[in-house]
Each structure stands twice: as structure tokens, then as C-alpha cells.
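Asker: Let's see this in three dimensions:
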Amino acid sequence: MKEHRIEVDTAKCIGCGMCRRDCPASNISITNKKAVIESQACIKCGHCVAVCPKAAVSMTGFDEPPMEFKKPTVLDPQQLLDAIRTRRTIRQFKNQPVAPEVIAQIIEAGRLTPSGENAQDVSYIVLKDHIERYEKMAVRFFRRLLPFARLVNPMAKNKEIDDHFFFNKAPAVIVIVAKDEINGALAASNMALMAEANGLGVLYSGFFCMAANMSRSLRKALGLKRKNRVIATLVLGYSGVTYHRTAQKETAKIRFL
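Answerer: Predicted structure coming up:
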């Protein structure tokens, strides 16, 4: 990660105190009606940059400037709920490639997802051209585990691990890697929504995550570092099946205290 510094343009600063009040680290003071950054050792969340009405606060070291907007984009609540309600896990994919710009947009949805303490510890491995190689390694590893799994897991008794067990002949896979599980899971959720907004079907392959985290040879092939874990694996492609009804769910368990 590049070095970032928070800077205040005193010529633009009007001393309104918006940045001081919005700083989660209490790292800004107002002196002589000007904002003062107390320390560069904060989490660099960028709230001070975003909230300043005069664009007097900036942060160095980024490849892109902050984007100006009049008001936040708000999704239609009912349309979003309907999209969540009708989504299904896809295990049958068309033989149709996923365009690079669509993959890039899905990853962008992950990159823009907030992370705890602004850690930005999530990274992405895209499997496309050599997808069969990594699936073959995972299949080989899982076939060795299957006899033990059948002893403790009833579902495993009837499960056969064929050559396409993990990816179901999908054209693209994004492996989401993070040090913090919650950060990776939040990014994966937004990425899945973006994939479906692009007309793709999505399968969360928990089995591939397990293989990637347990198999030394697969971890080495994926270039995973010791502290990094595969948090989610999004298997992506255009759906080869059409669903006509929503899935029934149990009533939400809610407690108001």
C-alpha cells in the first residue's frame, strides 16, 4: 500500500469544524480557525476529505482523485428487495465468456466496499484462462478427503467428486482473499450483487475455499501468503437454467429490546 498523507489547504479552509466532528479517530483540531491534522498515524478513512465543503482537505498517494457528487445515489428499496428475493445459486452455466470489463466492474464493487479500520486488506485472484488447472488441483485434494468426510457428513455419502465439482464448467472465478474474514465477506456480498446486476449467475464455492486454505500445493499455486485466507470464491457465468419461483424462507427471528 502506498504512503498517504492528509493535507489541509489553509487558503481554502474556513474553520467550520465539519472534519473535526466527523473524524472517527479524533485526529483533527481547529486552531486559529483552521483545521489541523494532529497525526498522520490515523486509519486514513477519508471522512475528512469527503465532508469538507470547500475541498480544503486532501490525501496524497492515490491513483485517482475523490469523485464529487451532489447527493448519494440511493437504490429503490423494493427493487433491491425483489432482486435479493429472486436470486438463486447457479450451478448450470452457458458456454459464454464473461467480458473483462464486467470482471473489472465486479472487482470494483469489492474494492469500494468499506473495511474495518479502513484496513483495505482484501485482494482478488481471477481464474479464467487456466481455470481447469486450479480446479484439478482442488479435485485431487478433495478426493483424498472424501472417505473421511463420509464418516461424519451424511450429505457426503452420496456425493461424487467429478472433474467439474467446484466450478461446474463456469467461464470465470474470482477468489477473494483477506486477512480479516468480515472484510472479505462484505466485499464478496457486494461483488455478487454487481455480478447479478450484469446478468451473471453466481455460485459461492465454499468447498474451493476449504481446499485453497488446506492444500499447501494449491495455496502455493494461487500465490497465497501465510496470513492470507480465501474467504469466498465466486463462480461466475451466464445462467443455463431459468427459475420461475422464489425460494421459501423461514420467518425472520427478531427480538426488539
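
Asker: going forward, measure contacts between C-alpha atoms and count neighbours the same way
Answerer: OK.

Asker: Can you pull the poorly scored residue ranges out of the stretch 1-150 of the chain?
Answerer: Within the stretch 1-150 of the chain, the set of residues satisfying pLDDT under 70 comprises 1, 149.

Asker: Please enumerate the strands of it.
Answerer: Listed in chain order, the strands of the stretch 1-150 of the chain (DSSP state E, counting those that start in this stretch) span 6-8, 28-31, 34-37, 57-59, 123-127.

Asker: I'd like these as TSV, with distance to residue 247 appended.
Answerer: Converted to TSV, the strands of the stretch 1-150 of the chain look like this (distance: least, Cα to Cα, whole Å):
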stretch	distance to residue 247
strand 6-8	49
strand 28-31	50
strand 34-37	52
strand 57-59	46
strand 123-127	30
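
Asker: out of everything not next to it in sequence, what's closest to residue 107?
Answerer: residue 191 (6.5 Å; Cα to Cα, 6 or more residues apart in numbering).

Asker: and the one you found, how many neighbours?
Answerer: Residues within reach of residue 191, counting by other Cα atoms under 10 Å, total 26.

Asker: and the angle from the helix or strand hosting it to strand 123-127?
Answerer: If you go by DSSP states H and E, residue 191 is part of helix 181-197. Interaxial angle of helix 181-197 relative to strand 123-127 (axes from the mean of the first three to the mean of the last three Cα atoms, to 10 degrees): 50 degrees.

Asker: just to revisit the earlier point, with residue 46 as the reference, name the closest of the strands of the stretch 1-150 of the chain.
Answerer: Proximity to residue 46 (Cα to Cα) singles out strand 57-59 among the strands of the stretch 1-150 of the chain, at 7.5 Å.

Asker: Now do that closest one: everything it contacts.
Answerer: The contact list for strand 57-59 (Cα atoms under 8 Å, 6 or more residues apart in numbering) reads 4, 5, 6, 7, 8, 9, 13, 46, 48, 49.

Asker: Can you give me the first-to-last residue distance of stretch 22-29?
Answerer: 11 Å (Cα to Cα, to the nearest Å).

Asker: I meant stretch 168-176, not that one.
Answerer: 18 Å.

Asker: and if you look at stretch 194-206?
Answerer: In stretch 194-206, first residue to last residue: 20 Å (Cα to Cα).

Asker: and that stretch, how far out from the chain's middle?
Answerer: Remark: stretch 194-206 is offset 12 Å from the chain centroid, using Cα atoms, centre = their mean, to the nearest Å.

Asker: Buried ones in it, by neighbour count?
Answerer: Going by neighbour count (16 or more other Cα atoms under 10 Å), the buried part of stretch 194-206 is 194, 195, 196, 200, 201, 202, 203, 204, 205.

Asker: I figured the fifth one hits residue 242, correct?
Answerer: What it means is residue 201. No. Residue 201 is beyond contact range of residue 242, at 10.6 Å (criterion: Cα atoms under 8 Å).

Asker: what's the farthest-apart pair in the contacts of strand 57-59?
Answerer: Maximum distance among these (Cα to Cα): 20.1 Å, for 4 and 13.

Asker: give me the number of residues near the residue nearest to residue 215 when sequence neighbours are not counted?
Answerer: The shortest distance from residue 215 to any non-neighbouring residue, by Cα to Cα, 6+ apart, is to residue 141 (6.9 Å). Applying other Cα under 10 Å, we find 18 residues neighbouring residue 141.
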